[in-house]
Each structure stands twice: as structure tokens, then as C-alpha cells.
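S.K.: fold the following.
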Amino acid sequence: MKSFSSTENLPSEGLLIRIVDNGKVLTLDYQEATAEHQRSLWWGTAVGYRAMQAAAVALSKEGLWSREGLTVVSGHPGPGVLDSINFVTHTRDTGHLTVMENPNCVSRCNSEMKFEWWVSDGKQTAHVILREDFVPIEFYQLIDRRVYNEATAEDDKLFELFKVNLSSRIWVDSLDTNFSIEYQAPLAKGQLPSGSDWSEKIATTPEVAL
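M.R.: Next up is the predicted model:
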């Protein structure tokens, strides 16, 4: 497989991600990733895309990363997140995207989901973790009220404001500030990360959107 320099082809630059596909360097733009979600899913789309930017940098130390052989495990079930992951990696299209959840998630976004992703290139896995204090506890509480049909009209307005705020903030600070990276052993298709306390896994689209 032909290798491309990650110095000449920066894996992440502003709104862009570069990745090798079929022997060519592709330049992806965040604006294209949002095309499917012009009126909703802003936060999920933004954090999923930024997480893939962090993975791009982490997996491009010895050459620009490639879609070939990529496997992704997402700890977040949101459709905006999963759409961004697939936009960058095509792993859902190829059956190499696994969505991990604990038994209480019931395939929907709630306070027990994780803003963590494991992106494996066959040689190593970049465990991408959103800064613990980035998402305020009030946002998780709002999600739970919505999931369990306890939200008020005021909650719905506040929920939308939170998403707009989070979607903007994720672009303000650097990737290094917002995300941490841990390197782990490579993952095979459908394999969950070692040491995970979650045993359930799904590959379906959740009902509640972020």
C-alpha cells in the first residue's frame, strides 16, 4: 500500500480531515459532514467529527492514516456522531463500526453513554476521550428527562441551547485540549476494547438524537 507523508498532507487542519482511500489522499470538509443535518444533530455531528480529527492525528505519526483496515468502536450511540464517523472512515458502510453500550442505555442517548471512541488501523488503536468536564452535568440530566418523557417545554428549549453552545465550544479549543489519546492493541471487527465494563454492543441507529 502506498504511503503518504503526514507532514506534507496534514491529517487535521482547521475544518479539514485528510485520509487515504484507494491510494489517493482525500480532503474532507466539516461543512460536508453537516450537510445531512442542517437543522438538528449539530452537537453530535461536531463532536464526532472532532473526535475523528483527533484520531487522524494520532494514527498518522508514520504516514497519513487510511480507510483501509480501519475498525471503530463508539461509546456514543447518537446518529449525528455515527454519521460523522462514517463520513470520515466509511466503517459503517463496510460493517466495521461497532456501537458499544451498557445495559441501561437501551439503544438511546442518555447520561450513561460515553464520549469515547476506539479507532484501530490494524496495528494499533487510538482511544479518543473527550475531556471529562466538557459536557456539563446539567446536559446529561436534560437528556435523561427527555429519554424518560419527563421533559418540559422549557427543557426542550434549554436542550437546544445546550447543543448550540457545545457545538460551538468544541471548535474553540485545540484537539489536544479537548481530547486525550491512549494507545492500545489493535481491535478486530466487532471486538470490544479490553477492560471495558460494558458487554453489550449494537449496530443500530438510536431513537433519540443529539
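S.K.: how close does the spatially most central residue of the chain sit to G75?
M.R.: Geometric centre of the chain, nearest residue: G48, 3.1 Å, by Cα atoms, centre = their mean. Plainly put, G48 is 12 Å away from G75 if you go by Cβ to Cβ, to the nearest Å. Quick note: C-beta positions are derived from backbone N, CA and C, even for glycine.
S.K.: quick one: the helices in the protein?
M.R.: Assigned by DSSP state H, the helices in the chain fall at 30-33, 42-58, 79-89, 137-147, 153-169, 175-178.
S.K.: any chance of those in TSV, with mean pLDDT too?
M.R.: Shown next, in TSV, are those (pLDDT from 0 to 100):
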stretch	mean pLDDT
helix 30-33	93
helix 42-58	95
helix 79-89	94
helix 137-147	82
helix 153-169	86
helix 175-178	96
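S.K.: can you get me a residue count around the nearest residue to Y30 once chain neighbours are set aside?
M.R.: Leaving aside its sequence neighbours, Y30 sits nearest to L15 (Cβ to Cβ, 6 or more residues apart in numbering; 4.1 Å). The local packing of L15 (other Cβ atoms under 10 Å) involves 15 other residues.
S.K.: and if you look at V57?
M.R.: V57 has 21 nearby residues by other Cβ under 10 Å.
S.K.: burial check on the residue lying closest to Y140 once chain neighbours are set aside, number of neighbours?
M.R.: Once flanking residues are discounted, Y140 sits nearest to S111: 3.7 Å by Cβ to Cβ, 6+ apart. S111 sits with 15 neighbouring residues when counted by other Cβ under 10 Å.
S.K.: per-residue confidence at S111?
M.R.: pLDDT, S111: 73.
S.K.: contact partners for it?
M.R.: Residues in contact with S111 (Cβ atoms under 8 Å, 6 or more residues apart in numbering) are 140-141, 143-144.
S.K.: buried ones among those?
M.R.: Buried by 16 or more other Cβ atoms under 10 Å: I143, out of the contacts of S111.
S.K.: from S74, how far out is L175?
M.R.: 18 Å.
S.K.: which one's more surrounded, the two?
M.R.: S74 (27 against 19).
S.K.: quick check: the more buried one touching T98?
M.R.: Yes - taking Cβ atoms under 8 Å as the definition, S74 is a contact partner of T98 at 7.3 Å.
S.K.: what number of residues lie near the nearest residue to S66 once chain neighbours are set aside?
M.R.: Among residues not flanking S66 along the chain, V20 sits closest, at 3.9 Å (Cβ to Cβ, 6+ apart). Residues contacting V20 under the criterion other Cβ under 10 Å number 21.
S.K.: V20 touches R67, doesn't it?
M.R.: Yes - using Cβ under 8 Å, V20 is in contact with R67, at 6.9 Å.
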